[in-house]
Structure formats: structure tokens, C-alpha cells
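Colleague: Need coordinates for the below:
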Amino acid sequence: MVRVIFSLDTEDYITPQHDDAVEFWAKLFAERKIRGCFNVVAEYARALKARKRGDIINLVSGNEADYHSNVHSVHPTFPEYLDTMDWDDGINEVIRKEAEGIKDVEDIFGQHPSSYMQPGGSFAPPGPLRDVPDGDPGYDLDFPFFSVKTEAALVLLRA
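Modeller: This is a model prediction of the structure:
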């Protein structure tokens, strides 16, 4: 059996026309009874809510709303702010900066993100939140990590 993941970055919270592309793909998936993975930046989820785009929120909710960071490439990015931190301080800082975004994606789309997709090339080891004990910041942050390099996705699932 062949399995295919339709993974779409859903990250442009500045350009309202981006909503049209998200709507197109979500409708296409719904028509064909396919579940896609929408890698949602929390700021985009908040923008949809502020623009009163409940139609798109509902469409995306019929798919997987994966977590694609709180504000994507706004500086400082993961590597920039984690550069001088040790592992424990890095984990705590990622929780501090990302927990609100994870909670917003969960609240807006009505589902806990099923994975974390790194924003662009912004990777640092503490970033994926995979080893954070459940409940530390009040949210379940433990989910698989997806890393995109060019057009392919590498999936690292929990053992």
C-alpha cells in the first residue's frame, strides 16, 4: 500500500490572498475525501480568526492542522535565540515562546496539532518539543517532528 502525505505550508498571515489558496486546497481535499496536512503558523490562525474567515477555519479543521511555529520567520528565529543556551534553558525558552501558539492553533481549529513542521531553515535541537514531558506548560506538546528539505518530507515518529 502506498501512503502519500499532502503537506501544505500555511504561513502567510500578512497577505489576505493567501486565504484563497488555503481555501482552494482545503475544498479540493474535501471534494476528493482526502485529508491533508496544513502546517499552520499560529499567527496565521489568529489572522484567520481576526479576518472572520470561519469558512476557511472549518475547511482546514476537516484536515490535520499541524503546528508550524508561532510566528514563523520573525526574528529572532529558533537558531538565533537558542544559540547561546544550553539544552534545558533552550527547552524552557521554546516552551515560553511556542506554547501560546500551539494552544491558539488547537483552540482555533479544534484539534491538537498532530505534528510540528519546522519553519523554513529555522531548526535547533530543542525546537521540536518532542522530549517535553506532557503537561509542563499546561498543554500536550509531544508530537511527531516533520522536517522539510526541498520538496520531500522526512517523518520522525515517536517510538
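Colleague: now Y67: how far from A45?
Modeller: 10 Å (Cβ to Cβ, to the nearest Å). Where C-beta positions appear, they are placed from N, C-alpha and C, glycine not excepted.
Colleague: who touches both of these two?
Modeller: Common neighbours of Y67 and A45 (criterion: Cβ atoms under 8 Å, 6 or more residues apart in numbering): V105.
Colleague: In this protein, where is pLDDT below threshold?
Modeller: 123-159 (pLDDT under 70).
Colleague: Could you pull up phi and psi at the residue nearest the centre of it?
Modeller: What sits nearest the mean C-alpha location of the chain, by Cα atoms, centre = their mean, is Y67, with 1.6 Å. When read as degrees, to the nearest 10, the backbone of Y67 gives phi -100, psi 130.
Colleague: Double-check it against E43; I have them as touching.
Modeller: No. Contact criterion Cβ atoms under 8 Å: Y67 and E43 do not qualify, at 12.0 Å.
Colleague: and M117, how far is that from Y67?
Modeller: In terms of Cβ to Cβ, M117 sits 7 Å off from Y67.
Colleague: shared neighbours, these two?
Modeller: With Cβ under 8 Å, 6+ apart, M117 and Y67 have common neighbours N39.
Colleague: in the lengthiest helix in the chain, what's buried?
Modeller: If you go by DSSP state H, the chain has its longest helix at helix 87-109. For helix 87-109, the neighbour count (16 or more other Cβ atoms under 10 Å) marks 90-91, 93-95, 97-99, 101-106, 108-109 as buried.
Colleague: So which of those residues is the closest to N58?
Modeller: F109 (9.2 Å; Cβ to Cβ).
Colleague: Verify the stated contact: the closest one with L59.
Modeller: No. Applying Cβ under 8 Å as the test, F109 and L59 come out as separate, 10.2 Å apart.
Colleague: What is the helix or strand just after the longest helix of the chain packed up against?
Modeller: Remark: after helix 87-109, the chain's next helix or strand is strand 116-117, criterion DSSP states H and E. The elements that strand 116-117 packs onto, with contact taken as 3 or more Cβ pairs under 8 Å, 6 or more residues apart in numbering; DSSP states H and E, are strand 64-67, strand 145-149.
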